[in-house]
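Chemist: Kindly generate the corresponding structure for this input.
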Amino acid sequence: MKEKPELKIEPGAYISVNTRAGHVGGYRYIITWIEHERKSAMYKVLDKELMLEECNIGDLTLDQIESFLRLWGEGSKIETLTLFLKNDGTVVLNKDNSDYELYKKMAYISLKGGRGSIEKLRNKIPDGFGEMLNTLESAINVRRTNEMMEMLKYNLVEPEGVSYGVLKKILEYYESNVFGLYKILTLGYILGKRAERARKKK
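Modeler: Coordinates of the predicted model:
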């Protein structure tokens with residue numbers, strides 16, 4: 001079985017889902033557009049806490065519409081846009097989609113209940129909704145990643161016995177790739193466990 005093509009979210013990007021399926025590398029995809037945001041759009045907020053918004057087709061920029069249609073292929077209609085995901089994890093629903101109420105209900109269930117609710121929906125609904133659920137799960141992942149990045153922005157500590165030189169050496173040893181970062185994370189986990197055991201002994 002071929003490996004699924006990876007879809008990355010770059011800073012300032014949108015990922016969109018439409019109801020007309022396309023094909024990428026032999027796989028059925030309805031997540032079809034990654035485009036750098038050219039201007040900040042204001043959409044109606046449905047639920048601030050869930051980071052859920054809605055828009056009409058008329059709220060989209062011409063660049064957005066052209067990019068959707070170009071990547072969806074000939075014969076596509078912008079009205080088939082279901083939802084798109086902004087780089088901060090906000091989900092924007094297309095109010096002009098004929099099945100808007102159904103998609104809104106699925107979005108509420110998924111964003112409120114998290115991955116557990118998404119998996120339950122997968123077992124109850126047709127496969128055609130799978131990519132929409134994948135996008136909602138991506139929204140949850142993006143938000144979690146952003147939370148971690150925000151946490152790191154305001155927390156800078158140097159664990160006892162671990163200097164920046166040690167961290168730099170780990171990165172250099174693993175040629176500054178992701179595996180090196182994973183090793184640093186592992187080191188932090190080990191040190192945290194040791195510190196926790198030490199506190200319990202006291």
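
Chemist: ok, Ser98 - contacts?
Modeler: Listed by C-beta atoms under 8 Å, 6 or more residues apart in numbering, the contact set of Ser98 reads Glu79. Any C-beta I mention is one placed from the backbone N, CA and C, and that applies to glycine too.

Chemist: State the three-state secondary structure for it.
Modeler: Under DSSP: H, G, I helix; E, B strand; the rest coil, the three-state class of Ser98 is coil.

Chemist: Got the phi and psi for it?
Modeler: Main-chain dihedrals, Ser98, degrees, to the nearest 10: phi -60, psi -20.

Chemist: any idea how far it lies from Ile140?
Modeler: For Ser98, the distance to Ile140 (C-beta to C-beta, to the nearest Å) stands at 26 Å.

Chemist: Please apply the same query to Glu172.
Modeler: Taking C-beta to C-beta as the measure, Glu172 falls 34 Å from Ile140.

Chemist: Specify the next element, helix or strand, located C-terminal of the host helix or strand of Lys105.
Modeler: Taking DSSP states H and E as the criterion, Lys105 maps to helix 100-113. The first helix or strand that comes after helix 100-113 along the chain, using DSSP H and E, is helix 115-122.

Chemist: Who are the packing partners of that following helix?
Modeler: Using 3 or more C-beta pairs under 8 Å, 6 or more residues apart in numbering; DSSP states H and E as the contact criterion, the neighbours of helix 115-122 among helices and strands are helix 100-113, helix 130-153.

Chemist: Centre of the chain to the longest one, how far?
Modeler: Put plainly, it is helix 130-153. Per C-alpha atoms, centre = their mean, to the nearest Å, the displacement of helix 130-153 from the mean C-alpha position of its chain is 4 Å.

Chemist: Equivalent analysis for the shortest one, please.
Modeler: The gap between the average C-alpha position of helix 100-113 and the chain average comes to 16 Å, counting by C-alpha atoms, centre = their mean.

Chemist: and that helix, which residues are buried?
Modeler: 103-104, 106-107, 110-111 (16 or more other C-beta atoms under 10 Å).

Chemist: higher neighbour count, Glu172 and Ile140?
Modeler: The residue with more neighbours, out of Glu172 and Ile140, is Ile140; 16 against 10, by other C-beta atoms under 10 Å.

Chemist: residues near the closest residue to the more buried one other than its chain neighbours, how many?
Modeler: Closest residue to Ile140 in three dimensions, ignoring its sequence neighbours and counting by C-beta to C-beta, 6 or more residues apart in numbering: Gly114, at 6.2 Å. Applying other C-beta under 10 Å, we find 12 residues neighbouring Gly114.
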